[in-house]
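K.L.:
Starting from these lines, generate the structure:
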Amino acid sequence: MARHRHGKPLMTFPTTFSLKAIGRGVEDFAPLVAGIVCKHAGDLPQDAVSSRLSNGGQYLAVTVTFTAQSRAQLDTIYRELGQHERVVMVL
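P.N.:
Take a look at the predicted model:
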């Protein structure tokens, strides 16, 4: 478990966690991101995914809220999203 410099945990698990992925291909980018998260976190509630189109319409920001079970699980999700060719940024 990651710890703050004062010895307190930065995050305790399980916890509700929201991540945002920004990418190209707005027509099917949200299902792509949700699919990667589901692969590692299980089924998502119907309202777990939201998205917003960029001003120019080139990029889609997808936010997925789910129950994270561990730091390792989050690291795996971030790594897979970050390596995908259509993902520009993961926050």
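K.L.:
Leaving out sequence neighbours, find the closest residue to V87.
P.N.:
In space, and not counting its chain neighbours, V87 is closest to G23: 4.6 Å by Cβ to Cβ, 6 or more residues apart in numbering. Heads up, the C-betas are built off the backbone N, CA and C, glycines and all.
K.L.:
so that neighbour makes contact with Y59?
P.N.:
Yes. The pair G23 / Y59 is scored as a contact, 6.6 Å apart, by Cβ atoms under 8 Å.
K.L.:
All the helices of this structure, residue numbers only.
P.N.:
29-41, 71-83 (DSSP state H).
K.L.:
Identify the residues contacting the last one?
P.N.:
Meaning helix 71-83. 1-2, 11, 13, 17, 19, 21, 33, 36-37, 39-41, 68, 87, 90 (Cβ atoms under 8 Å, 6 or more residues apart in numbering).
K.L.:
out of the residues you listed, who's nearest R52?
P.N.:
A21 (11.8 Å; Cβ to Cβ).
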